[in-house]
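Engineer: Next one to model:
(one chain, ligands or ions: 1)
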Amino acid sequence: MNLPKLSLTVALAAAGFAAQAQGHAAHWNYAHGHEGPAHWAELDHAFESCAKGANQSPIDIRKAVKADLPTLQFGYAEAVPTIVNNGHTIQVNLPAGLTLRVGDTTYELLQFHFHSPSEEALSGKRAAMDAHFVHKSTGGELGVVAILIQSGKNNAAYAPVFAHLPRQGESIQVEGLKLNPAAMLPTDKGYYAFEGSLTTPPCSEGVNWMVMKQPITLGAAQIKAFRRLFNANARPIQPQNGRVIRESN
Ligand SMILES: [Zn+2]
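Structural biologist: Next comes the predicted model:
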C-alpha cells in the first residue's frame, strides 16, 4: 500500500502529557506497582472516584436485558486525524463536525483510542483489543462507543493509523492523510448500553457507555504493532453494583 509521506508536525503531544512533565498531574500506569490501577485513587485527590465510585468502568457484560434502545445514528465523515502517543495509549484526535445521535442527544466525536486487551469483557471474556470512540454532547455529557477487536483479517479502515504509530510524547499529522471513522464501525449497529465512568484517572462517572455487539477485526501485524508500544493498557474489571445492562433488540 502506498502511504503518503510522513512530514509535518512532531510535537509534544496532548496537554495531559505536558502537564505531567511539569508535575501538575500525578503519574499513573497499568503496572502492579504503586502507580498501578489498585492505587490510582491514592495518587491524587482528583482521582478519588477510581476507588470511591459505585459506577466504575470497565465491567463484564453479562445478563443484559433486552430493551427498545434508540438507534445509533452515526454522522461520521472523512476527516484529517492527529495521531497522538500520550504515554497511555494511541489516541486519534478529530476535528469538529463528526456527530452521533442517540435519541434526543447529539454528541460530537472528539477522539478514539485503543486498549489491549479489551477493557470490556463479554461473559468473562476479553477480546484482543478494543477501540473507544469518545463523544461529548452539547450538554457536556460524555458518550463512549466501544468496539471489540479480534485478531483476523487486516482492516483497511484502520491501516493509516497503524502505519503511523507515533513514539511516546509525539503527535503527528500526515500530509494528505484522511480517515473515515464511519468505515471503522462494525456493520451491525446493535449495542449494549449502561452507565459507567472513564476507565483512566480521574475515573469520572456519568459516562454513557455503548458497547457494539459485533466485533471487528484487525490483522495480527496491526495488533502486534500496537502491542509493541502498549503491551497491557486495560483497567481491571470493576464491580457492576446493581447497574442494569440493556441490550438493543
Ligand atoms: Zn478507553
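
Engineer: Quick check, pLDDT for the closest residue in space to Pro215 that isn't next to it in sequence.
Structural biologist: Excluding the flanking residues, the one nearest Pro215 by C-beta to C-beta, 6 or more residues apart in numbering is Leu148, at 4.0 Å. C-beta: built from backbone N, CA, C; applies to glycine. In this model, Leu148 is scored at 98, pLDDT.

Engineer: repeat for Ala25
Structural biologist: Looking at Ala25, its pLDDT reads 77.

Engineer: Show the average pLDDT along the top helix by length along the chain.
Structural biologist: In the chain, taking DSSP state H as the definition, the longest helix is helix 220-229. Rounded to a whole number, the mean pLDDT of helix 220-229 is 97.

Engineer: If you count contacts, what does it end up packed against?
Structural biologist: On a contact count with 3 or more C-beta pairs under 8 Å, 6 or more residues apart in numbering; DSSP states H and E, helix 220-229 meets strand 142-152, helix 159-162.

Engineer: Any idea which of these gets closest to Thr199?
Structural biologist: Using C-beta to C-beta as the measure, strand 142-152 is the one of the helices and strands packed on helix 220-229 that comes nearest Thr199, at 8.8 Å.

Engineer: Report the beta-bridge partner residues of the residue positioned nearest the centre of the chain.
Structural biologist: Residue closest to the mean C-alpha point of the chain, counted by C-alpha atoms, centre = their mean, is His132 at 2.3 Å. Residues in a beta bridge with His132, per DSSP bridges, are His113, Ala146.

Engineer: try the one 5 residues further on
Structural biologist: Per DSSP bridges, residues listed as beta-bridge partners of Ser137: Tyr107.

Engineer: Next, the angle strand 142-152 makes with the longest helix of the chain.
Structural biologist: Here helix 220-229 runs at an angle of 120 degrees relative to strand 142-152 (axes from the mean of the first three to the mean of the last three C-alpha atoms, to 10 degrees).

Engineer: Helices of this protein, start to end?
Structural biologist: Under DSSP H, the chain gives helices at 15-21, 40-43, 49-52, 159-162, 220-229.

Engineer: wait, what's in contact with Thr99?
Structural biologist: Going by C-beta atoms under 8 Å, 6 or more residues apart in numbering, Thr99 touches 74-76, 106-109.
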